[in-house]
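Visitor: got a sequence here, can you model it:
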Amino acid sequence: MRHYELLFVLKPTLTEEETQERFEYVKGILEKNGCEIASINDMGVRKLAYEIEKFERGHYYVIYYKADPAVIDEILRNLRFTEEVIRFLNVKYVNKGEIANWEKLVKGTFNKKEEQPAPKESEAAAEAPAATEATETKEESAAE
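Guide: Okay, the predicted model is just below:
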């Protein structure tokens, strides 16, 4: 089985229920063809880089999965005939470096910024007096 990443964009005019149904449909296409879904990332509604079918926004999803290469054509054919999918991109990870990157993406290391803990209160309190001292020295030098 090879490693793949599927990014697809749904029409922004769909309701939340319709969007979820279409997502489940695409996910079902993968499962029906024997794919192992490793990770799913719902990126939400975002602005498109350029207008597609008179839409300026779209609902983005990314699915990381493993599949037999023989079923990829069938998956892509089904996506082409799904009206609510306005764009999709399927990426195959081939060499060891790319596969290692795929595994990092699956584990969610690309979201490190979101996972960083907030600074502790003692650290925030220590930074606050330092900031006031810096402003006082600027004011003193301006007075001279």
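
Visitor: what's next to stretch 31-39, contact-wise?
Guide: Residues outside stretch 31-39 that contact it (Cβ atoms under 8 Å, 6 or more residues apart in numbering): 1, 4, 27, 30, 63-68, 71, 74-75, 105-106, 108. Using the backbone N, CA and C atoms, a C-beta is placed for each residue, glycine as well.

Visitor: now with 6 Å, please.
Guide: Contact with stretch 31-39 is made by Tyr64, Tyr65, Lys66, Ala67, Val71, Glu74, Ile75, Val106, as judged by Cβ atoms under 6 Å, 6 or more residues apart in numbering.

Visitor: and what about the first one, helix, strand or coil?
Guide: Of the three states, Tyr64 takes strand according to DSSP: H, G, I helix; E, B strand; the rest coil.

Visitor: go on, Arg57?
Guide: strand.

Visitor: who's it bridged to?
Guide: Taking DSSP bridges as the rule, Arg57 bridges to Lys47.

Visitor: neighbours around it, how many?
Guide: Per other Cβ atoms under 10 Å, the neighbour tally for Arg57 reads 15.

Visitor: can you pull out the strands in this protein?
Guide: Taking DSSP state E as the criterion, the chain carries its strands at 2-10, 36-52, 55-67, 85-93.

Visitor: so which of those strands comes closest to Ala100?
Guide: Among the strands of the chain, the nearest to Ala100 by Cβ to Cβ is strand 85-93 (9.0 Å).

Visitor: now do stretch 86-105: everything it contacts.
Guide: Contact with stretch 86-105 is made by His3, Tyr4, Glu5, Leu6, Leu7, Phe8, Val9, Lys11, Ile52, Glu53, Gly58, Leu79, as judged by Cβ under 6 Å, 6+ apart.

Visitor: now, of these, which are buried?
Guide: His3, Tyr4, Glu5, Leu6, Phe8, Val9, Lys11, Gly58, Leu79 (16 or more other Cβ atoms under 10 Å).
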